[in-house]
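[1] Got a predicted structure here, sequence first:
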Amino acid sequence: MYDQNMYDRDSLDSGLCRGPLLLSVFRAIFTGPRTATADPGMLPGKAPIAKKNQMTTVTPRHIAYAAVMTRYGLSSQSSWTDRDGRFKVPRFFLKVIGLFESDVEWAKETLDWWNAEVFATDPSEGPSDDEDDETAGSLIEAQREQRRRRAQEQARASAAEQ
């Protein structure tokens, strides 16, 4: 889970989720086994999971999944189970995701690092002004806002009737 070169006992999240083994497992899963120890980006050959699913950025859930697979690979389990003694896979998965939810600055820095390492993207290069703003994220946000407004209107109408 850690990049040992970044370890700082006064800042335990330094290097967290940047370990070379975790990165190699992530690449093997999402960009193909040949990319596990290669430079960032995709290599020619059979389309990897990331390409098949149009994955262009790394999310906390992707990292958590790779962390679970890394842990399983290092365990002595002979078959998959969500428990290994006292270790509970679902809890570990959610804890990894929680790391990204509890510190926005650390999460952004860590995800920027992941995207540079996996997809060779420069975090400073966001979408340009002339690119289409209709991303899945913006559509979801707009739909959520519409639902909030409808719920507020319904609550006002209900209150007015009483």
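    Nice, I can see it.
[2] How far off centre is the helix or strand where Glu109 lies?
    Taking DSSP states H and E as the criterion, Glu109 maps to helix 104-119. In terms of C-alpha atoms, centre = their mean, to the nearest Å, the centre of helix 104-119 is found 9 Å from the chain centre.
[3] Show me where the chain has its helices.
    20-30, 49-52, 60-74, 89-102, 104-119, 136-161 (DSSP state H).
[4] Also compute the angle for the helix holding Glu109 relative to helix 89-102, please.
    For helix 104-119 against helix 89-102, the angle by axes from the mean of the first three to the mean of the last three C-alpha atoms, to 10 degrees is 110 degrees.
[5] For stretch 94-106, buried residues please.
    For stretch 94-106, burial by neighbour count (16 or more other C-beta atoms under 10 Å) applies to 96-97, 99-100, 106. Every C-beta, even on glycine, is put in place using the N, C-alpha and C of the backbone.
[6] the inter-axis angle of the helix holding Glu109 versus helix 60-74?
    Using the same axes, to 10 degrees: helix 104-119 against helix 60-74 is 70 degrees.
[7] before we move on, the earlier item: what's the closest of the helices of the chain to Ser14?
    helix 104-119 (9.2 Å; C-beta to C-beta).
[8] Which strands or helices does that closest one pack on?
    helix 20-30, helix 60-74, helix 89-102 (3 or more C-beta pairs under 8 Å, 6 or more residues apart in numbering; DSSP states H and E).
[9] For the shortest one, name the packing helices and strands.
    Packed against helix 20-30 by the contact rule (3+ C-beta pairs under 8 Å, 6+ apart) you find helix 49-52, helix 60-74, helix 104-119.
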